[in-house]
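> Here is the input, now give the coordinates:
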Amino acid sequence: MELPIELYEKEVRRGRIIHSYNFENIDHGKFFVIIGVTQDSIVGFFFINSNINKYIQDKPDMMAVQYPLLKRDYAFLKHDSFICATEIEEIKKSDIIDGIKNHSVVFVDDLRQEHLDDVLTMVRESKLFDKKEKELYFYE
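Have a look, this model is predicted:
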């Protein structure tokens with residue numbers, strides 16, 4: 001039995017952690033956290049990475065938006081990881097829902113509220129994002 005689309009749509013929300021195989025130029029599944037959804041149903045998200053990219057390590061503004069996620073706090077993690085909040089990735093909400101239906105996208109967890117609050121504060125204060133991006137994705 002297929003669930004109504006409205007149920008899926010309600011699950012695509014800020015703080016939701018998702019795993020997907022549907023990324024061009026990435027040959028493996030990736031975890032990501034939804035940071036915001038626009039009026040036009042475009043989802044803004046940040047990838048979760050096992051390590052901080054070497055390219056970022058000598059860039060203070062980018063290092064400032066690497067948020068640690070500890071394995072002890074999230075059962076889906078195999079080891080401590082990082083939300084890489086250096087740039088907003090975008091995907092259509094409908095693509096996430098289609099992925100759920102074909103089993104290439106899975107909801108895995110929710111970011112703890114205190115972690116979500118920390119990430120939002122971090123990116124709202126960051127120089128990496130312009131006013132439009134901040135208004136679209138980082139505020140209600």
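
> Show me which residues of stretch 91-103 are buried.
Within stretch 91-103, the residues scored as buried using 16 or more other C-beta atoms under 10 Å are Ile91, Lys93, Ile96, Ile97, Gly99, Ile100. Just so you know, the C-beta spots here come from the backbone N, C-alpha and C atoms, and that holds for glycine as well.

> Which ones among those residues lie within strands?
Those of the buried residues of stretch 91-103 mapping onto strands are Ile91, per DSSP state E.

> Report the central residue of this structure.
Val33 (2.2 Å; C-alpha atoms, centre = their mean).

> Distance from the lengthiest helix in the chain to the middle of the chain?
Counting residues, the longest helix found in the chain (DSSP state H) is helix 113-125. Distance of helix 113-125 from the chain centroid (C-alpha atoms, centre = their mean, to the nearest Å) equals 12 Å.

> if you average pLDDT over it, what comes out?
Across helix 113-125, pLDDT averages out at 98.

> Tell me which other helices or strands that helix touches.
strand 30-37, strand 66-69, strand 81-92 (3 or more C-beta pairs under 8 Å, 6 or more residues apart in numbering; DSSP states H and E).
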